[in-house]
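Participant: my questions are about this predicted structure, shown below with the sequence.
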Amino acid sequence: MMNTEEQKVETILNELYLDSKYDFIKMVKGAAKSIFSPMQPLDFKDAYLSISKVQGVDLVQLIKETNSKNIVEFGTSFGISTLFLSQGILETGGNIITTELIESKAIKAIENFKKAGVSSLIDVRIGDAMETLKNHDEPIDLLLLDGWKDLYLPLFQMLEPNFHAKTVIYVDNADMADSRKFLKTVERNNTYKLRSKFGNKVVLISLNN
């Protein structure tokens, strides 16, 4: 059963999912531009690009099961996935660092975190994740990769020194081309083991202890 704080987050999440009901149309418009030029993050500045509710609930459970406290997220968007992360750390007593390239999205996400009463738990960093996270030197319990896919590998490699025996890397949109390239590279390293979920849409990476 959810406590009062988790229920408050749940209320904001429900509102955001309602707001995102036209998200598919926005995504199609963004994707249509790729016929004439490669897609860019700004093509999706108005699209939620959120994880599903089922994924979100599963993510909360993962945090609780692994007692994750130190969480880093790549790809805040409007903050839906971050709010699910916050539901998890409300129980584990953790904190979240999340980074978003598009300032307008980050500002909206910050507003959503304030409404949900969890802004004190979340450090929002605006800009290129390769810059906003480059000096990160604290252990990472959970890394959520849910941003621009061609950055998955360089970001993973940059943050790798912060991984430990129980670190979990949650890879969303694992079935996309750039994500598959990233996962193939990781798979060649015997240090890691991979496990697919949700019909290969998600892959969990953990250390092969």
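Facilitator: Structure's in. What do you need?
Participant: switch to C-alpha atoms for all contacts and neighbour counts from now on
Facilitator: Noted.
Participant: helices or strands next to the strand or helix carrying residue 14 in the packing?
Facilitator: Using DSSP states H and E, residue 14 sits within helix 4-19. On a contact count with 3 or more CA pairs under 8 Å, 6 or more residues apart in numbering; DSSP states H and E, helix 4-19 meets helix 80-92, helix 103-116.
Participant: the inter-axis angle of it versus helix 103-116?
Facilitator: Going by axes from the mean of the first three to the mean of the last three CA atoms, to 10 degrees, helix 4-19 is angled at 140 degrees with respect to helix 103-116.
Participant: mean confidence for stretch 181-192?
Facilitator: The predicted model assigns stretch 181-192 a mean pLDDT of 96.
Participant: ugh, wrong one, stretch 9-22
Facilitator: The average pLDDT within stretch 9-22 is 76.
Participant: list the buried ones in that stretch?
Facilitator: Neighbour-count burial for stretch 9-22, counted by 16 or more other CA atoms under 10 Å, picks out 9, 10, 12, 13, 16, 17, 20.
Participant: I'd like the residues you listed as TSV, with distance to residue 94 appended.
Facilitator: Shown next, in TSV, are the buried residues of stretch 9-22 (distance: CA to CA, whole Å):
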residue	distance to residue 94
9	16
10	18
12	20
13	20
16	23
17	25
20	28
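Participant: so which of those comes closest to residue 92?
Facilitator: Using CA to CA, residue 9 is the member of the buried residues of stretch 9-22 that lies nearest residue 92, at 15.6 Å.
Participant: list the contacts for the closest one?
Facilitator: Residues near residue 9 by CA atoms under 8 Å, 6 or more residues apart in numbering: 83, 84, 87, 116, 117, 118.
Participant: which pair of the residues you listed spans the longest distance?
Facilitator: 84 and 117 (13.0 Å).
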